[in-house]
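Participant: next come a sequence and a model predicted from it.
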Amino acid sequence: MKLLWAPWRTKYVSNPDGEGCFLCQALQEKDGIKNFILYRGKYSFIIMNLFPYNSGHLMVAPLRHEGDFLKIREEELQEMMHLSQLSIKSLKGAYHPHAFNLGMNLGKAAGAGLVDHLHIHVLPRWEGDTNFLPVFSETKVIPEDIKESYLKIRKHLEILLKNPEK
Ligand SMILES: [Zn+2]
């Protein structure tokens with residue numbers, strides 16, 4: 001079985017600039033190109049993964065700083081699933097990927113880089129993209145600038161929010 005979320009890159013994710021939780025830090029700023037939050041709901045939000053595996057790698061997380069999946073509340077679960085769908089719809093519009101990975105790493109041994117703040121990975125996949133997996137290298141060239149990705153996905157997300165039927 002292949003590892004889903006590139007745990008060899010964990011050290012970058014668990015050591016963001018400064019101390020504390022980078023998701024909570026992002027939530028303290030105004031949503032936009034600076035904090036990379038794409039959408040903020042009542043209980044949860046969508047943010048770009050700053051250490052992406054692929055262009056368009058998103059994360060859906062509760063607003064509350066909670067790492068234990070079993071402590072995530074009903075309303076949070078519900079909205080996080082809804083935002084996962086919204087993420088996939090936006091990514092389809094922006095990138096037309098062939099497939100998606102959707103999932104969580106619960107705990108460090110499972111590959112979670114940030115263990116105290118639960119997050120669902122939403123990852124667009126293309127046939128053949130695993131061919132370029134740098135298993136022995138810790139860097140990967142992301143074919144698109146993260147700001148460009150943000151603007152592109154945000155554009156599609158806004159279209160969806162205006163036309164929920166799409
Ligand atoms: Zn947090």
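Facilitator: Sure thing, it's come through.

Participant: which stretches of this protein form helices?
Facilitator: Residue ranges of the helices in the chain, as given by DSSP state H, are 10-14, 22-27, 74-95, 146-162.

Participant: what parts of the protein come near the ion?
Facilitator: Contact residues of the chain with respect to the ion, defined by CB under 5 Å from the ion, are listed as C21, L23, C24, H65, H117. Yep, even glycine has a C-beta here, placed from its N, CA and C like the rest.

Participant: so which of those residues is the most crowded?
Facilitator: In terms of neighbours by other CB atoms under 10 Å, these top out with L23 at 22 neighbours.

Participant: what's the most distant pair in the residues of the chain next to the ion?
Facilitator: The widest separation within those, taken as CB to CB, falls between L23 and H65 and amounts to 7.6 Å.

Participant: shared neighbours of those two, anything?
Facilitator: Common contacts of L23 and H65 (CB atoms under 8 Å, 6 or more residues apart in numbering): H117.

Participant: could you measure from D68 over to the ion?
Facilitator: Distance, D68 to the ion, using CB to the ion, to the nearest Å: 12 Å.

Participant: what number of residues lie near the residue nearest to that residue when sequence neighbours are not counted?
Facilitator: Leaving out its chain neighbours, the residue that sits closest to D68 by CB to CB, 6 or more residues apart in numbering is L118, at 7.4 Å. For L118, the tally of surrounding residues (other CB under 10 Å) stands at 26.

Participant: quick one, what contacts L118?
Facilitator: If you count contacts by CB under 8 Å, 6+ apart, L118 has them with A61, P62, E66, G67, D68, F69, I72, M104, L106.

Participant: recalculate using a threshold of 6 Å.
Facilitator: When the contact criterion is CB atoms under 6 Å, 6 or more residues apart in numbering, the partners of L118 are E66, G67, F69.

Participant: what about the first one, how many neighbours?
Facilitator: It stands for E66. Number of residues near E66 (other CB under 10 Å) recorded here: 16.

Participant: try the last one
Facilitator: Neighbours of F69 under the rule other CB under 10 Å: 11.

Participant: excluding its backbone neighbours, what's nearest it?
Facilitator: By the measure of CB to CB, 6+ apart, the closest residue to F69 outside its immediate chain neighbours is L106, 5.4 Å from it.

Participant: list the buried ones in stretch 56-75?
Facilitator: By neighbour count on 16 or more other CB atoms under 10 Å, the buried set for stretch 56-75 is G56, H57, L58, M59, V60, A61, P62, L63, E66, G67, I72.

Participant: now do stretch 86-105
Facilitator: Within stretch 86-105, the residues that qualify as buried are 86-91, 93-95, 97, 100, 102, 104-105, counting by 16+ other CB under 10 Å.
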